[in-house]
Structure formats: structure tokens, C-alpha cells
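Peer 1: need a 3D model of the following:
(chains A, B, C and D)
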Amino acid sequence: MAALDIFRAETRVWLEANCPASMRTPMPTDEGSSGGLRAEYKNPETKLWLDRMSAKGWTTPTWPAEYGGGGLGKDEAMVLEEEMRAIGCRSPLSGMGISMLGPVLLEYGTEAQRVEHLPAIIKGEIRWCQGYSEPGAGSDLAGLQTRAVLQGDHYLVNGHKIWTSNAHLSDKIFCLVRTDPAAKKHEGISFLLIDMAWEGVRARPITLISGYSVFCETFLENVRVPAGNLVGENNKGWTIAKRLLEHERKGIGGIGAPGAPTADKPVYVIAKDAVGEVDGKIADPALRNQISVQLMNTHAFQLTRRRAAEASEAGQPPGPMSAMFKYYATELNKTRYEAVLAAGGDQMLGWEGDEYDPNHLRNTREWLRSKANTIEGGTSEVQLNIIAKRVLGLPD
Amino acid sequence: MAALDIFRAETRVWLEANCPASMRTPMPTDEGSSGGLRAEYKNPETKLWLDRMSAKGWTTPTWPAEYGGGGLGKDEAMVLEEEMRAIGCRSPLSGMGISMLGPVLLEYGTEAQRVEHLPAIIKGEIRWCQGYSEPGAGSDLAGLQTRAVLQGDHYLVNGHKIWTSNAHLSDKIFCLVRTDPAAKKHEGISFLLIDMAWEGVRARPITLISGYSVFCETFLENVRVPAGNLVGENNKGWTIAKRLLEHERKGIGGIGAPGAPTADKPVYVIAKDAVGEVDGKIADPALRNQISVQLMNTHAFQLTRRRAAEASEAGQPPGPMSAMFKYYATELNKTRYEAVLAAGGDQMLGWEGDEYDPNHLRNTREWLRSKANTIEGGTSEVQLNIIAKRVLGLPD
Amino acid sequence: MALVLNSEAQLVRDSALEFFADKSPVLMLRKLRDSRDADGFSRPLWREMADLGWTGFLVPEAHGGSEFGMVGLGQVLEAAGRTLAATPLLSTALIAASAIDLAGNEAQKQKYFPGLVSGDSIFALALEEGAHHNPNRIATTAKRDGDGFVLDGAKRFVIDGHVANQLIVVARTSGGQNDRNGITLFMVPADAAGVAITRSAMIDSRNAARVTLAGVRVGADAVLGRIDGGADPLEAVLDRARAGLAAEMLGSSSEAFERTVQYLKDRKQFGVAIGSFQALKHRAAQMFCEVEVTRSAVTAALAALDENANDASLLASLAKAKASDTAYLTGNEGVQMHGGIGMTDEHEIGFFMKRARVAQAMFGDAAFHRDRYAALTGY
Amino acid sequence: MALVLNSEAQLVRDSALEFFADKSPVLMLRKLRDSRDADGFSRPLWREMADLGWTGFLVPEAHGGSEFGMVGLGQVLEAAGRTLAATPLLSTALIAASAIDLAGNEAQKQKYFPGLVSGDSIFALALEEGAHHNPNRIATTAKRDGDGFVLDGAKRFVIDGHVANQLIVVARTSGGQNDRNGITLFMVPADAAGVAITRSAMIDSRNAARVTLAGVRVGADAVLGRIDGGADPLEAVLDRARAGLAAEMLGSSSEAFERTVQYLKDRKQFGVAIGSFQALKHRAAQMFCEVEVTRSAVTAALAALDENANDASLLASLAKAKASDTAYLTGNEGVQMHGGIGMTDEHEIGFFMKRARVAQAMFGDAAFHRDRYAALTGY
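Peer 2: The predicted structure follows:
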């Protein structure tokens, strides 16, 4: 039996023995595990599952074992993923520590930084957020104005970040700051690690049109940041920032993919409930057509994600289609909820209250939430610019 | 009885007496009257109608009587139009002489130029075409390269014009030429009148994807143009050119409007014929919905044209919506023929031959012809630029 | 049919624009929402509107109205749409006034019009029973009971239902669930025994309610119009409601569009105004076109309704369909082009998108009216 | 189901791309058109394709084929689509090979496969009777006549009909006009008495014909598959045809798209490449996305058909619908972005739009397949 087959057999046994029953059901939106000092576990098995997985390093299967990661090869990691999918395991831990900062520290961090931060990320002890955008620097991220002045052994940081996801629930923040205001705008930026508990750091949640508060404004007033918290070189933070944005876009590209939170039932069932059916068909043909357009585009996009994954597994270069994932996934998600709302009629127009089915209310909020998908993490316009430039080679 | 009512009564009597029976039927595409030395009249009454109308100056009702125009006031012209519409009179004469050059000569021409050219336009004796675009100067019209060098009493013209509509059927051409290559590109352009029969002028028809040849390339090789054929000032042709483009766009905005050539029958009848009906509805609901979108947009656009006309009649400024006519009309015309093709199925995919109904063949050709609508006379992209800049005031 | 306003309508338009801008900016809706105002609209302001005569635009002069008509009321609704003003204009000044005028007898007109015109009475049409607009699918029953009737059923999406003094209930006196025949309109006091009204909180922070009728007894004088013959006047009332709502949506769309264009000029990124980016310019220009053609359709529908033109229903469907599509476009593009701040509750542009979504669904969405346009045209 | 090509398929792809680029550029189609070529395709080139084994990709090894499958044939069709090559690949190598393989008996396979594989015989499926694709609506009759049958009817949109040696005729042996049951497939020699074939000149300059059958007598051995049971194998054949055609359309769309991007880089206006205008950039990027998702759908459909997967029909409809929408997009945007020269016959971009329009309608347009996708999914 080949080594990989042995690994598969062992993994299967371990998962079967260790994954709690409730962790084998689809994840409700409010039971995701992002870790951190302030984490609350509505379902205690969420914590149990996190602890069991992180003890094996399988919250980050491919990270080096020396920091507490799984130390798995690519093939093994895929086997783990397949076996988890086979019994429907939830992801034990997610968040910007795993998806963004970790890969950056592995590539650009010092050994001391890795030792300090990676184990805490892997165990879900520390939750990270991202201090990138500013009120005047949205799509033009490099226009950021937050100043960091090196004063002996520390930076003195002053500025105003915005769209910091879940800053009010996070323990630390990685920030882009301007360390050389005289340099060209991409060349005077640095990448700093800041503790949210430090004096001068304050996060204020922003209410979205959906009523959710997933973003904050984060104010930095005379925050003293040890010089050792600089990642990479001084004034070279833009390179790191760009790399990190690639990780972010890959993450957002998962919206609407299998496993993403879904409406309570398929949109065509919602439609049949609301308008009735004739010979098994949704009685409103225009609605039925709208739903087909949406489902078929989603189907084709899911196949595209799978094609990219297979190409990657086959060792082929990721291919140009990966540049489109963020754009297409978020636009699709908007059309998806538009179809859900069109299907639901007035029952999907509620804001709150007992007159509405909670599933319907959630769909309505998610419809509003989806409107931000094409803005956050790089607007659709920015994604199209990127495709035009990097993939198609069209001139500036 | 008010003077206008008297005019109306007289006009009604005159039209009733003078408009031939066949000129009161909808115009087939191949019976339009554009005049000119090479005009052929498939239906002799077309010529009769032209002669009767031009004798009264009513081919150009508002042009001054001294040149042979109708000399009518705005109110009278509207009455004439209403009375013609009431009994379904065809337009007696159309073409670039009436719609473009005439107004320009009235505004910028010398008395000698008006006396020479206006009567011939009014009577339909001379057909004009437009020498604007060049292979390297499409949307960037001001980038034109055709050179005109003043040599004593004449200009020597060399260049290559393209998209000259019906140049092969026209007698004369009004051209934009570069008279000062050293000046900024908008400032060295002049407006010349050239006879197609002069030595060095050659027109070559261009076949379109529809198989039609409505445009030509026009080559100008050492053409000697009398200096008196300059309209306006030397190097000031761009002002005239822009004014003329406004006239052109207004003309093209009429596509898809009432009175424009139509498919042989309403698109929903074509659809019912092709896919059948259920309870009076087109049996294919997606097709039915596509047709409704198309017809409703057309309806709303026709109302918009009417609104603009009423505003103009009421003496109000034309309003910003007139900037959209060219764009909207041509895009609508494309969707219109897409609906016709979708309705017709394979019977609307024929190119030629007895296997196809001639009406279907014409629809198919018109579908292909419609693709050029959003390119000729200023692309849709240029129109959107104009709306964004002039109407919305968005910055460059 | 005139597509250009006459000077009287222009005067109404100007004063309405000024009125709502001054007295009911979008901030007012936010305050009503955040304070969880029990009424959901301002009664003093409603009184002012009545004093301006707007409640009487569709009421005969003999009954204290001005008969100014739909074109005039459309100007007021459009102005209200610009600031997302929450008012009973649609439910009361348009729908109830039309229903009573078109279907009511002299006694009913004398009974209801004074309170309607003065602004004292608020009315609500209790029509919808399913999740989607369907005026013929009525399961609510009205059974003969002596001289009068007993009503039973459940209604939803009842605009201004929880603040209404009077409900206009669409009930079935005969026929099957989808029959056009057998529908009857009833005037039912909101405080009648057996009537239960619950406000439903919708995304647009405006008023709508669920109404249940359990053994509600009304007299024969409660019948508005002919027994079993309610479908025709109801359709005429609904066409006015669609055109009026389309006028309101046109106002909201115009405002959302203009605010977005202004933002494109103001917001700087990469050292320039984002309105200098051609992709945004083209999308803004396309929105401009859609707003303009919608304006034409709305104006034509209002005028046709005033003239009882043959194509009034066709134009009402055209107006509501175009207004729905355009409101969707301007709301969504508005949020997207505002970027980050567009997705916050703090900024007002999101209010336009939310109101647009509710208005899209009300009295038939674009798909409903495309279907109706096709049926009316004969295909 | 693999969405990434294995090395064998990649080899086929590479050689097909080279073959068509070298031997059958778009210019070839123009020449066939302008010379009004009687065949509408090049017979020597067809022979070369047969020699390369492409005709045998769907033919069992026992009958001289390679059983290489739909993924392989899809690569060839995609390459052919890139240069708009006019070939009998679809009619013969795909449709006829599938029909004979899936429905034919041993004798029929022995009779027809050798000529099919060698390239000597060309086949055409005579299916359509109305203006829109509808495989169940068959009015052509096949009546028992002694041992055999007599066929009467009229067929249209018969791809390669006028160059075919053999027609596969879909006829009704029982049932009403729209019944799935009662359909039977017949092999009918093109030169049989009573068969009349007229080439129809379509906008794509490719081959299609009208076929009339007037008292055409065939023997019992002409029946392909079960009497009255032709609908099932026909549907299987059509799903292959849809996926194969989608592959061809993907090739054409990719080519039209890439040529357009190149033009955006080359064409200068206002002193810069027009590809620097953001509005065009965004539209180009959106086209890129659509081409990519179409590629995934096509690849998945081809693979599913080779594996007889449960969702093969669903994926075939997905592929054909996406390919149709994307071909429309790339064709129309291609012409528009090419501007003036895009509207001339002299430039090749218009050929892509024309071919796209015919292919859109063939074997069901996007609306047909959206409807079918919904039905297969259960809504």
C-alpha cells in the first residue's frame, strides 16, 4: 500500500473518531470559528473540534510542523480535504490569520515573528484583522495616509483605517502605514503588526445597509509599535500588500461556491412555494428563466473553480482564469440573491419581526449583504482593470 | 378663421389633390427618393411627387423662398407635417443635401454658395455625400489626414476618405480636409465642396456584412478645387463639422421610430407563426418576454422622442435627452432585429435563394445591417462619452 | 396626450419639490425608522399636504376636491420620491380617492371624501393575499348575512394598513379563487370587530401591514360599487396606483442617479475624480438614458389616465415596468459607484436601493407588467 | 470527470489547432463562399481528417475506429471552430457515428462504419421540421408497406444534407405529432427515389439543406434501432451534438475574442491604442470571464458524455446555452469593437458573428436549453 493510501486510511479513522457529530452538518452562518481571545462558542463542539484539529496542526495542514502546523505535503493535504469533505466536516478555523497573515509571515517574516505569531494563529488563540483601507484610500489603496514615524526602537503611528473586518472582535491588526511621505506613493509604505489592546487603538463598528456590522473604523492615535513588529523591510510594504491581496481575492472567490452559506432551500423551491407550479414547472415563466440563468452561471462557475483546482493539482500553472474568481463570484452572488428576492415576493422584503419567517429574513439580509461583495476586497471595477491589464495585456 | 387655420385648410386641399395614391402608402426600403443626376425611379409617381412638392418648396418647408424653399414659419411647417401624416404622405425627398449640407450653407455659406447649391438640393437635382472619416480617423475624426494645399485660385486635394455613404450614387461631396498640418489637430481643418465628376475623384463601394453596399471609399488624387468652394473660413472647418454632426445624429436617431422601415409584420406575429400560441400567447415564454422587453423599450423611446418634439414645439430648450437619441435608437434597433431573429428561428438565417421568404431574407439582411448602426455616424462609445461630458458634466 | 407639463402642473411640481426638500428630507425617514415611530409618518406634515390640496387632486369638486388629476398628483409623488418621503399619498390621496370616486355611490362619497380631503382619515387597500401581486386571486370571502356580509380572510402588503381608519377590502362574493367575476370591494372600518392589523417592518422602513378578517360583519352600505363586479374598478384603481407609484419611483431614481453623478465628480482616487474613469462614465450615461425614457413612460401614463385613453392600461404597465427596472439600476449602480460608503447604513444612498426593491414588487413587478403588456397587445 | 486534458487529448488538440490554422484558415471559408463551391467544403481536406483518425473517434475499435471519445473529438471541433472550418465533422464523425453506434445493429455497423471512417461517406441527420428546434415534434410519417416502410415529409436545417450519401431520417411510426413515443430512425440513401434535396444558403456560408421525402420506400433493414423507440437514442445523439457544437462555438468565440483584444492593442485613435480606454477594457475583461466559464461547461459536458454520467444531459444543455450566449457576446462585441472595418465583409470578424448566429439556433438555442436545464433539475 502506497504511503498516501496509508495516510488516507489513518486520516479517515482519525476523523471518524474525532470529528464531533454536530461538526458534520452544514455550518450555520453564526457558528463559524474564527478563534481569538474574545471567541464565544455557541456550540461547544465547535471549540472541541478546533482543539482536536489544531493539536494535530490540521487547522493549517501545510504549514511547517515546527510552528505547530500540520507539515503535510500537497498530496496529503488534498487527501485530508477529500476525507473531510467525504463526511461533511466543517472547517475547524478560519480567519485572516490563516488565510492572509500566516502565508505572508512564512514568506516575509523573521524567525522571531513566526515563532511569536504562527502557533497562536494555528491554535486559534489570536484573531487578526486587516488595516488596509482608509477613508481617502479605497480602490486607490496606495494613497493611504496613516503615518508611522520611526523613533528609536518604535514607530509612532497615527491614522484612520476603515473597512477593518471584525476589528472589534479581533486581537491584533496588520497594518499598512506610510513611513516615507516623500517617496513615490508605492514606495514609502511599510507593513506593521499592532496589538488592538495597545493604547491609542480604537475600533468603531460600522453598520452596513444589511444591518450587519462586519466592518469597523479603526483609529490609531499615537500608537507606539516596537520596531521589531515591522514585517519585511522598511518602505517595502507594498510588495507584501499586493501578495496579501491575492490571498484575499482567492478567499472571496469562494462566495457562492459549494460549501458557502446557502439560502434555506433552493431558489426554485422558494419560487414554487411563492407562485405555484404547473406540470412541475414554476408557474411564472419569467421567474423560471431568471432562475435558470442564475443557476446555470453558478454551475459553470463552479466547474471553472474545479478546473482551476484540477490544473493546480496537475501541477499546471494556475492559469489566467484565477484572476476572474473574485469578480465573477461576487457578481454571481448578487444575481443569486436577486433571484431569491424575485422568487420570494413580499415575504422576502421584511426587515425584522414575527410576521416573517426567520429564513426569509436571513435571505433578505444576505441579499443586502451581497451588495457589498463587489466593493469590499477590491471593487469589481478594480478586478476588471486587473484582468484587462495582467491577463489581456491591454495598455494603461 | 386664424391665418394658420386657413393655411391648414389650403394645405389639406392641395395635398389631397396633388399627392399621388401610391405616395400615401408606407415607403418600401427601395423606393426612397434621394434625388441626384443618377436617380432612378422604380415608381414614376415618386418623381411626380418630388416635382410637385419641390415646385412649392415643400421638400424643404422652412428654407427661405428666395432659394426655392417653402419659406414657411415653424407653425406652418408643423401644420404641413401634420397634414402629410394625416393622409400618410411619403417624404418627397431625403438625403444629406437636405439634412446636413443645406442647414450648414444657410448658416456658414456665402450668398454665391447658397444660390449655387440650395435650389439644386431643394429640387432633388443634385445628390450630396459626406467626406468625413478616413481609415485612420474614425471616432477620432479630427485626426484626419486628407491634405488640401491652396495654390493660387484652387486647392490641390489628396487623401482617402472612407464610409462615404452612397458616394457611388452621389454627384457632389462635402469634405473635411487638412489645410494646416502644423496647427493643433482641430485647428487646421477646412470644409470644401467637391464635384464627384472632377478628375482625380474615385469612389469604390464597400460591401458590408449584410451584403449591402451603402458606403464607399473615396479616393482624392490631385483634385483641383476652386477656392470659392471653401465653406466658412480657412482652417475653421471643425466648427462646421461639429454642427453638421449634430444634424447627422438627429437623423440617425430616427431609426426605429414610427415611420422607419419595419419588418414585414410585428415581431410577435412572426413569433406566433414560428412557435405557435397557447391561449393567445406566444408558446415560448422566454421569447415572449424578450419581445416584450424590446417592444416596451421601443415604446418608451418613441414617447421620449415625442416628448422632445413637444418640448421643442412649446419653445422649450431641446433638453438633455436629445443627446441620447443616436445612442438609444441604434442600440434599440439591434435588439429589435435580435428579437426578430430569435422569433424567426431557422427561417431567418437565410442569405439568399428561393428556399426563403423574401420578407424573411430582408429581415435577416436588416439584422446584419443594424450591427453597423452603433458604429456609423459616431459609435455608441462616442455617444456615451458625449452624454457623460456634455450632459452629466463628468470630467475628462 | 401632452408629454410636456402645462404651467399649472409645473407650479405644483415646483412647490412639491420645495416642500419635500424643506420639510421631509431623507433624514426624516431615517429618524422615523430609528425612533421606531409608531405611525411611520408625520401627521403634522400630512395635514400640511392636505392643506396644499394634494389629497383632493382626484376628488370631484362637488366633494371638496380639485379634480386636478393624475398628472398633478404624479408631480407630487415624484417629488416625494426624491426625498423618500413616507406619506399616505399613495394609499389615501390616490388609491382610496380613486376607488371611492370610480366605484362609490353618492352616499359613500359624502361619507368618506370630507375626511379624506381634510387629511383626517387615512385609507388602506387590503388586496394582496399571496407573496406576489395577483389581483384576481382572492380567497378572502364575504358571505351574505341578513342585510349585510361577513368577511373572513388574510391580507398582506397592505400599504398604510396599521395607520388606516378605513380599509378597502377586496373580497370574493362568488366564483372560484382565480375568477375575475365575483370580486367585491368593501369599506371596512379599521376598528371593526374581527379586524386584526399588524404592522410589518419592511426593508424600506415604510408602512405596510398584515390584516386578518375573522367574522367581520358589515352592512350592505359597505359595498363599494357592484356586488361581484369589483374587478373592473379595481383594475382602474390599480392602473392609477401603478402609474403613481412609477412617478414616485422616477423621483427616487432621478435623485439616486443625480447623487451618484455628483459623487463621481467629488470622490477622488488615484489623484483624479472617479467620474473621469470611462467605464463609470459610460454606465452613468446609460443610466441617464434609462431615467429619461422612464420619465417619458411615466408622463404618458399619467396623462393617458387623466384622459381615459384606450391605451391607459398599456401605458400604466409600461410605466411600472420601466420604473421598476430603472429603480433597480439606479439603486444598485448608486450603491456600487459610491463604493465603501455606499454599503454603509450611515450614507443615504442605500435607502434608495431599499425603497426601490419594495416599490419594484408593489402592484406587480417588471415581469408581471411585461406579461400584462403582452396580453394587452395580443401576444 | 476530469476538467483538465490528459496528454493524449492535449496531443490531439495541438495537432488539430495546427491542422486548421495551416490548411483551413478563415480565408478558405470565404473562398468556398465566393466561388459558390458546389460542395461547400474541401473533399481533399476531409480525406486528410479521416486519415488523421478523427472520423473514427466515436467508432468502436472493432469497426475500425479508435473509441477516443467526445473529449478528443471536442478538441478537433474546437480547433475547427477557431478557423470557422467547414467540415462534415459534426454531421458525420459525431452525429452519424453516434447514431449508428448507439442505435444500429451489427449489420448496420458493418455496412456504414467503413465508409464513415474512411471519409468516403457523408451522413446527414434529417430531423427538424419547424423553424425552431423541437426533436419530439415530428410530422414526417413512415407507414408500413409490406416488409418495409414508405416515408413522407419535409425536413429543414439538415446539416450537410446536400452533400450526404446517407440521410438519417427521424420519422413517426405511431403516436401524435408531439409524442415522444412513436419516433423511429431510418437510414435513407440520399439518392433514393422520392428524396429531393435542396441546399439552402445560410448566413454562415456553411452547409444546410431542405429535404423532402415523397413516397420514399425503404426496407425493414433501414430501421436504425427500435421501431417507435427512436426518441431515446436520438436524445443521446443530440446531447453529443450539442456538446460538440458547443466545443466548436467555444473555439470560434475564443478566436473572435482574441482577435478583438489584439485589435484593441493595435488600433490607434486619439493618439493611443483604443485598448487603453477603460470602458472597452472592462467589456473585454467581462468577455474573458464568459469565455472561461464556457470552456469549463464545454469540457465538463464532453467528459460527462464519455463517462455516461447521470448529469450528461444537464451538462450538454449547460454547455450549449453558455456557448450560445458567449458566441453572441463575442461576435457582437467583436464587430462593435472593430468599428468601421468590423462592419465590412472584407474583414473576417463578421464571419464569426454570422456563424455564431446559426450555431446559436442549431440543436436548441440558449432559451431552449435553459428550459431543458430547468426541467431536468425539476422546476
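Peer 1: phi, psi for residue A:90 please.
Peer 2: Note on residue A:90: backbone dihedrals following degrees, to the nearest 10 are phi -70, psi 160.
Peer 1: now the one helix or strand residue C:74 maps to: buried residues?
Peer 2: Element membership for residue C:74, per DSSP states H and E: helix C:70-82. Using 16 or more other Cβ atoms under 10 Å in any protein chain shown as the test for burial, helix C:70-82 gives C:70-82. For the C-beta atoms, the positions are set from N, CA and C on the backbone; glycine is no exception.
Peer 1: check the gap between residue A:373 and residue A:137 for me.
Peer 2: 20 Å (Cβ to Cβ, to the nearest Å).
Peer 1: for residue A:218, that is, sorry about that
Peer 2: From residue A:218 to residue A:137 the distance is 14 Å (Cβ to Cβ).
Peer 1: for these two, indicate the residue with more neighbours.
Peer 2: Shown here are residue A:218 and residue A:137; by other Cβ atoms under 10 Å in any protein chain shown, residue A:218 has more neighbours (27 against 21).
Peer 1: mind listing what the more buried one touches?
Peer 2: Residue A:218 is in contact with A:129, A:131, A:160, A:161, A:162, A:164, A:167, A:173, A:201, A:202, A:203, A:204, counting by Cβ atoms under 8 Å, 6 or more residues apart in numbering or on different chains.
Peer 1: pLDDT value on it, please?
Peer 2: Model confidence at residue A:218, given as pLDDT, is 97.
Peer 1: wait, is it part of a helix?
Peer 2: No. Membership of residue A:218 in a helix is not supported by DSSP: H, G, I helix; E, B strand; the rest coil, which gives strand.
Peer 1: name the residue most distant from the centre of the chain?
Peer 2: Went with chain A since none was named. residue A:279 (42.0 Å; Cα atoms, centre = their mean).
Peer 1: my question was about chain C
Peer 2: Distance from the centre of chain C peaks at residue C:271, with 43.4 Å (Cα atoms, centre = their mean).
Peer 1: give the helix, strand or coil label for the residue of the stretch 51-200 of chain A found nearest chain D.
Peer 2: With Cβ to the nearest Cβ as the measure, residue A:139 is the residue of the stretch 51-200 of chain A nearest to chain D, at 12.6 Å. Three-state assignment for residue A:139 (three-state DSSP): coil.
Peer 1: hang on, the earlier thing: show me what the following helix or strand past the helix holding residue C:74 is packed against.
Peer 2: Once the chain leaves helix C:70-82, the next helix or strand it forms, by DSSP H and E, is helix C:97-103. Under the contact criterion of 3 or more Cβ pairs under 8 Å, 6 or more residues apart in numbering or on different chains; DSSP states H and E, helix C:97-103 touches helix C:106-118, strand C:223-224, helix C:231-266.
Peer 1: against which helices or strands is the first one packed?
Peer 2: Looking back up the chat, that one is helix C:106-118. helix C:97-103.
Peer 1: quick revisit: now, of the contacts of residue A:218, which are buried?
Peer 2: Buried among these (16+ other Cβ under 10 Å): A:129, A:131, A:161, A:162, A:164, A:167, A:173, A:201, A:203.
Peer 1: so who does the nearest residue to residue A:386 once chain neighbours are set aside touch?
Peer 2: Counting by Cβ to Cβ, 6 or more residues apart in numbering or on different chains, residue A:386 lies nearest to residue A:323, which is 6.1 Å off, once chain neighbours are set aside. Residues near residue A:323 by Cβ under 8 Å, 6+ apart: A:383, A:386, A:387, A:390, A:391.
Peer 1: no more questions from me, cheers.
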